[in-house]
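Visitor: Here's my sequence, what's the structure:
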Amino acid sequence: MKKEKPDIIVIGAGIIGISCALELQSKGLQVLVLDRKGVASETSAGNAGAFAFSDVIPLATPGIMRKTPKWLLDPLGPLSIPPAYALKITPWMMRFWRASWKDKYQHALTSQASLMSHSQSALERQILKTNGEVFIRREGQLQLYQGQKEYENSLSGWQTREEHGVAFDLLTSPDALAEIQPGIHSSFTHGAFTPRWSNVCDPKEWTQHLANRFLKMGGRIELTSVSRLSLKDQHVDIQCVGKTLSSDKVIIASGAWSNTLCKQLGDNLPLETERGYNTTLPNSDFELKTHLSFSNHGFVVTKVGEELRVGGAVELGGLELPPNFDRAKALLQKAAHFLPEINTQGGKEWMGFRPSMPDSLPVISTATDTNKVVYAFGHGHLGLTQSAGTAEIVADLIMNKTPDIPVDPYSIKRFRS
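Guide: Numbering: from 1, shown residues only. As a prediction, the model looks like this:
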């Protein structure tokens with residue numbers, strides 16, 4: 001019999017929120033999920049669908065700040081800051097700069113690799129528990145490089161990945177690339193193949209699959225906007241449209257919109273938005289055999305259902321600026337050049353808000369002044385990748401258990417100084 005007051009309320013029905021709800025439910029808790037639009041109706045719907053466990057290297061790498069002027073001058077580059085947003089993002093960029101120092105970078109690298117390893121194992125448990133294998137594509141990933149110099153510049157990154165347990169094969173000829181993926185432009189001469197990389201067939205369908213499992217097992221999902229949280233002695237009040245809900249504990253998993261609620265609890269976190277762009281092609285006429293990453297151009301080509309999705313890049317532009325779909329068009333033009341057989345007509349453009357912390361690590365943590373509220377956001381472009389692992393950590397925090405990996409690196413304490 002369902003209780004009137006749920007044990008847990010999860011705010012956010014994206015891949016992080018739904019994964020947390022499902023994991024908490026498996027611990028015997030009554031869970032209610034709140035979302036203003038519905039399951040996977042924001043960023044979780046339009047991403048590349050990749051479980052990018054090999055992407056252990058943080059965005060803030062040593063020396064990256066020397067590239068900042070170039071970002072401002074190239075609005076269509078792989079990483080850009082719109083001039084209209086440059087002043088507002090300055091405090092975040094200062095933290096980003098500090099995160100790129102060698103001491104902070106090494107700590108973030110180790111912590112990211114730890115979460116990736118845990119999340120990879122957690123995903124397999126999630127797939128098994130939800131009969132989800134039918135939604136998974138285990139086709140690997142091919143990163144592509146134009147010429148010997150570009151390839152050699154990538155080798156230190158591959159050495160770092162090897163040190164953290166990432167399996168890969170280096171490819172040093174166009175013929176070796178063609179064996180994995182025919183139809184690549186001849187300017188790409190080298191590559192690296194990560195065979196354990198996997199994708200979901202469709203990120204929205206995967207999230208909906210998990211949500212359906214949650215509902216089947218007695219969970220509830222309600223469409224409503226949350227405006228305020230209030231801490232009481234024994235519970236948390238959640239002010240929604242036209243009513244107030246109560247719960248013993250609350251999970252904030254609202255992605256790029258999470259900080260509005262965190263501030264009400266006294267936690268003003270350095271949460272920014274990586275605005276990602278893509279175009280989904282209904283009739284690409286190109287047989288894609290593996291996930292393709294054009295790393296030095298900042299985009300990927302991947303399968304979504306029977307369609308192809310071309311997207312990526314990072315635009316640090318917040319939640320309010322209008323989208324610049326010239327970025328999506330620029331990526332599509334590159335894809336047309338790099339994959340000459342692809343048909344780029346009739347595509348649907350999309351822009352999503354990826355919640356990003358300056359050190360590339362998510363926030364998986366109790367609030368500063370209460371353990372009744374747990375934060376689970378800030379995964380950047382790795383939300384899908386780290387969703388199952390995050391859910392297991394959140395459940396452990398709620399159940400007062402020690403997680404399988406150290407969680408201090410993901411705590412809000414790291415921002416207090």
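
Visitor: Pull out the buried residues from the helix or strand hosting residue 179.
Guide: Using DSSP states H and E, residue 179 falls within helix 174-180. For helix 174-180, burial by neighbour count (16 or more other Cβ atoms under 10 Å) applies to 174, 177, 180. Backbone N, C-alpha and C define where each C-beta goes, glycine included.

Visitor: Of the residues you listed, which is the nearest to residue 14?
Guide: residue 180 (32.0 Å; Cβ to Cβ).

Visitor: residues touching the residue lying closest to residue 201 once chain neighbours are set aside, list them.
Guide: Spatial nearest neighbour of residue 201, excluding adjacent residues (Cβ to Cβ, 6 or more residues apart in numbering): residue 135 at 5.3 Å. Residues in contact with residue 135, defined by Cβ atoms under 8 Å, 6 or more residues apart in numbering, are 200, 201, 202, 205, 206, 209.

Visitor: And residue 264, by the same measure?
Guide: 228, 229.

Visitor: check contacts around residue 311.
Guide: Residue 311 touches 48, 276, 277, 278, 279, 299, 300, 328, 331, 350, counting by Cβ under 8 Å, 6+ apart.

Visitor: now residue 166
Guide: Residue 166 makes contact with 53, 54, 56, 194, according to Cβ under 8 Å, 6+ apart.

Visitor: 10 Å instead?
Guide: Residue 166 makes contact with 53-56, 113, 116-117, 158, 160, 192, 194, 196-197 under the criterion Cβ atoms under 10 Å, 6 or more residues apart in numbering.

Visitor: again with residue 331
Guide: 76, 78, 277-279, 294, 297-301, 310-313.

Visitor: same thing but at 7 Å, please
Guide: Shown in contact with residue 331 (Cβ atoms under 7 Å, 6 or more residues apart in numbering): 277, 299, 310, 311, 312, 313.

Visitor: Could you report the neighbour count for the first one?
Guide: Counted with other Cβ atoms under 10 Å, residues neighbouring residue 277 total 26.

Visitor: And the fifth one, by the same measure?
Guide: For residue 312, the tally of surrounding residues (other Cβ under 10 Å) stands at 24.

Visitor: Report the beta-bridge partners for it.
Guide: Counting by DSSP bridges, residue 312 is bridged to residue 277, residue 299.

Visitor: Roughly how far does residue 215 sit from residue 62?
Guide: 46 Å (Cβ to Cβ, to the nearest Å).

Visitor: More neighbours: which of the two?
Guide: Shown here are residue 215 and residue 62; by other Cβ under 10 Å, residue 215 has more neighbours (16 against 12).

Visitor: picking that back up, now the contacts of residue 135 in JSON lines, with pLDDT?
Guide: JSON lines is the format used below for the contacts of residue 135 (pLDDT from 0 to 100):
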{"residue": "200", "pLDDT": "97"}
{"residue": "201", "pLDDT": "96"}
{"residue": "202", "pLDDT": "96"}
{"residue": "205", "pLDDT": "97"}
{"residue": "206", "pLDDT": "98"}
{"residue": "209", "pLDDT": "98"}
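
Visitor: Among these, which are located in strands?
Guide: Assigned to strands by DSSP state E, the following of those qualify: residue 200.

Visitor: possible to save the contacts of residue 135 as JSON lines with neighbour count and distance to residue 28?
Guide: Shown next, in JSON lines, are the contacts of residue 135 (neighbours: other Cβ atoms under 10 Å; distance: Cβ to Cβ, whole Å):
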{"residue": "200", "neighbour count": "24", "distance to residue 28": "28"}
{"residue": "201", "neighbour count": "16", "distance to residue 28": "31"}
{"residue": "202", "neighbour count": "21", "distance to residue 28": "31"}
{"residue": "205", "neighbour count": "15", "distance to residue 28": "28"}
{"residue": "206", "neighbour count": "24", "distance to residue 28": "25"}
{"residue": "209", "neighbour count": "20", "distance to residue 28": "22"}
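
Visitor: Tell me the one among the contacts of residue 135 nearest to residue 14.
Guide: Lowest distance from residue 14 to the contacts of residue 135 (Cβ to Cβ) belongs to residue 206, with 11.5 Å.

Visitor: Quick check: closest non-adjacent residue to the closest one.
Guide: residue 200 (4.0 Å).

Visitor: Quickly name whichever of the contacts of residue 331 is closest to residue 94.
Guide: residue 313 (22.8 Å).

Visitor: Quick one: name whatever helix or strand follows the helix holding residue 179.
Guide: That would be, after helix 174-180 and using DSSP H and E, strand 190-194.

Visitor: other SSEs contacting that next one?
Guide: strand 141-145, strand 169-171 (3 or more Cβ pairs under 7 Å, 6 or more residues apart in numbering; DSSP states H and E).

Visitor: Could you check how far the last one is from the centre of its chain?
Guide: Taking Cα atoms, centre = their mean, to the nearest Å, one finds strand 169-171 lying 26 Å from the centre of the chain it belongs to.

Visitor: Can you tell me what sits against it?
Guide: Taking Cβ under 7 Å, 6+ apart as the rule, strand 169-171 contacts 158, 177, 190, 191, 192, 193.

Visitor: so what strands line up beside that strand?
Guide: Counting by DSSP bridges, strand 169-171 is paired with strand 190-194 (antiparallel).

Visitor: With the first one instead?
Guide: Next to strand 141-145 in the sheet, as set by DSSP bridges, lie strand 190-194 (antiparallel), strand 291-294 (parallel).

Visitor: how near is the nearest residue to residue 220 once chain neighbours are set aside to residue 381?
Guide: Nearest-residue entry for residue 220: residue 32, 4.8 Å, with adjacent residues in sequence omitted and distances by Cβ to Cβ, 6+ apart. Remark: distance between residue 32 and residue 381 (Cβ to Cβ) = 29 Å.

Visitor: Those two - which one has more neighbours?
Guide: Taking neighbours as other Cβ under 10 Å, residue 32 and residue 381 compare with residue 381 leading, 23 against 20.

Visitor: Please report phi then psi for the more buried one.
Guide: Backbone torsions of residue 381, given as degrees, to the nearest 10, read phi -90, psi 10.

Visitor: Let me see the contact set for it.
Guide: 274, 276, 354.

Visitor: what do you get for residue 153?
Guide: Contacts of residue 153 (Cβ under 7 Å, 6+ apart): none.
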